[in-house]
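Visitor: no sequence for this one, just the structure:
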């Protein structure tokens with residue numbers, strides 16, 4: 001399994017047969033899905049290297065092996081090279097795919113204009129000269145050009161089909177990125193994306209002492225609101241609380257719904273005492289906020305725990321655990 005006939009023809013601009021055009025479409029579709037699934041950014045360099053892998057697999061095996069087998073084939077073809085030089089990033093990937101779509105559109109437009117111009121030239125030549133006046137060689141050339149044009153039209157039709165597939169993939173990536181990062185109710189970051197940001201902040205602290213503080217917040221008496229007024233009112237409360245918090249925080253602070261009626265805030269470059277001051281201001285603002293249900297004003301407040309990145313934390317889990325314990329100490333103090 002050393003050579004790919006399709007790759008050879010594409011590199012030399014040779015016309016493709018119908019079955020080769022179909023094969024090309026299958027390779028493009030499966031390769032893009034594989035790259036996204038395995039967090040490999042589809043840059044032109046990565047795309048071309050993996051194209052040879054999929055080309056060989058389709059031509060020799062006729063079916064797609066497991067991802068692990070595909071990676072083994074890649075490593076055998078590109079000895080000593082890492083799988084990807086760039087960490088997968090959805091935003092960058094969307095940009096790459098968007099640019100790819102634009103390139104396809106330009107290619108299609110230019111080729112259609114070129115094909116139409118050549119077709120008019122051929123028609124003019126045939127109308128000016130009778131077939132008997134044309135040399136046999138010229139006739140062969142004209143017929144050959146027409147055959148290439150027909151093949152190209154089939155190829156372009158397949159490219160248009162793949163363009164729709166790529167556009168659908170781009171839309172799914174955008175949706176997946178949004179669903180993966182955002183809490184649907186409060187429109188804040190969800191716990192998964194917050195933990196990822198928190199882990200990066202902790203690594204930066206360990207690497208170059210980049211200061212940050214973590215605030216965990218638990219609304220007081222929220223269960224009672226749900227029990228008395230129903231979950232629809234509870235959802236409105238959570239939305240209003242999240243909106244209040246976002247308006248009161250800096251642009252660089254990261255707010256997330258930690259779970260249920262709990263929120264978390266990552267505050268870069270902030271000392272513990274400063275973060276406590278922010279938490280107190282948020283608490284005061286929340287206690288002043290008016291939410292009226294059945295002509296009754298809901299009384300809202302929260303308990304919180306604040307920790308600052310320090311050497312004593314050997315892991316991020318230790319830091320989160322202490323913030324959680326401080327938050328519940330605060331809550332128990334209110335209830336005692």
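Guide: Now that the structure is in, tell me what you want to look at. All values reported here derive from a predicted model rather than from experimental measurement. Numbers count the residues shown, from 1 in each chain.
Visitor: Poorly predicted segments of the stretch 101-250 of the chain, please.
Guide: 101-116, 118-166, 169-170, 172-180 (pLDDT under 70).
Visitor: what number of residues lie near residue 167?
Guide: Number of residues near residue 167 (other Cβ atoms under 10 Å) recorded here: 14. For every residue, glycine as well, the C-beta is placed using N, CA and C.
Visitor: all helices for this structure, in order.
Guide: 5-11, 18-37, 44-60, 67-77, 90-128, 136-181, 191-208, 222-229, 231-248, 272-288, 316-335 (DSSP state H).
Visitor: and the third one with helix 18-37, angle?
Guide: Counting by axes from the mean of the first three to the mean of the last three Cα atoms, to 10 degrees, helix 44-60 lies at 130 degrees to helix 18-37.
Visitor: Just want the angle from helix 44-60 to helix 67-77.
Guide: Using the same axes, to 10 degrees: helix 44-60 against helix 67-77 is 110 degrees.
Visitor: Flag every buried residue along helix 44-60.
Guide: Residues of helix 44-60 classed as buried by neighbour count (16 or more other Cβ atoms under 10 Å): 46-47, 49-59.
Visitor: between the residues you listed, which is closest to residue 222?
Guide: residue 46 (47.6 Å; Cβ to Cβ).
Visitor: ok, the closest one touching residue 34?
Guide: No. Assessed by Cβ atoms under 8 Å, residue 46 is found out of contact with residue 34, at 11.0 Å.
Visitor: Distance to residue 223 and pLDDT added to the buried residues of helix 44-60, as JSON lines?
Guide: Listed next are the buried residues of helix 44-60 as JSON lines, based on distance: Cβ to Cβ, whole Å; pLDDT from 0 to 100:
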{"residue": "46", "distance to residue 223": "50", "pLDDT": "71"}
{"residue": "47", "distance to residue 223": "52", "pLDDT": "72"}
{"residue": "49", "distance to residue 223": "55", "pLDDT": "80"}
{"residue": "50", "distance to residue 223": "52", "pLDDT": "84"}
{"residue": "51", "distance to residue 223": "56", "pLDDT": "83"}
{"residue": "52", "distance to residue 223": "59", "pLDDT": "83"}
{"residue": "53", "distance to residue 223": "55", "pLDDT": "86"}
{"residue": "54", "distance to residue 223": "54", "pLDDT": "86"}
{"residue": "55", "distance to residue 223": "59", "pLDDT": "85"}
{"residue": "56", "distance to residue 223": "60", "pLDDT": "86"}
{"residue": "57", "distance to residue 223": "56", "pLDDT": "86"}
{"residue": "58", "distance to residue 223": "57", "pLDDT": "84"}
{"residue": "59", "distance to residue 223": "62", "pLDDT": "80"}
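Visitor: Nearest to residue 286 among those residues?
Guide: Nearest to residue 286 out of the buried residues of helix 44-60 is residue 46 (Cβ to Cβ; 48.3 Å).
Visitor: Do you know the pLDDT at residue 93?
Guide: pLDDT recorded at residue 93 is 55.
Visitor: what residues do residue 46 and residue 34 have in common as contacts?
Guide: residue 40 (Cβ atoms under 8 Å, 6 or more residues apart in numbering).
Visitor: And for the closest residue to residue 201 other than its chain neighbours, the neighbour number?
Guide: Excluding the flanking residues, the one nearest residue 201 by Cβ to Cβ, 6 or more residues apart in numbering is residue 212, at 4.9 Å. Residue 212 has 22 neighbours, counted by other Cβ under 10 Å.
Visitor: hang on, residue 212 packs against residue 272?
Guide: No. Using Cβ under 8 Å, residue 212 is not in contact with residue 272; the gap is 10.3 Å.
Visitor: who touches both of these two?
Guide: Contacts common to residue 212 and residue 272, judged by Cβ under 8 Å, 6+ apart, are residue 308.
Visitor: any idea how far residue 240 is from residue 290?
Guide: Remark: distance between residue 290 and residue 240 (Cβ to Cβ, to the nearest Å) = 10 Å.
Visitor: out of these two, which sits in the more crowded spot?
Guide: residue 240 (17 against 8).
Visitor: Tell me how far the residue lying closest to residue 27 once chain neighbours are set aside lies from residue 21.
Guide: In this structure, residue 27 finds its nearest non-sequential neighbour in residue 54, 4.7 Å apart by Cβ to Cβ, 6+ apart. For residue 54, the distance to residue 21 (Cβ to Cβ) stands at 16 Å.
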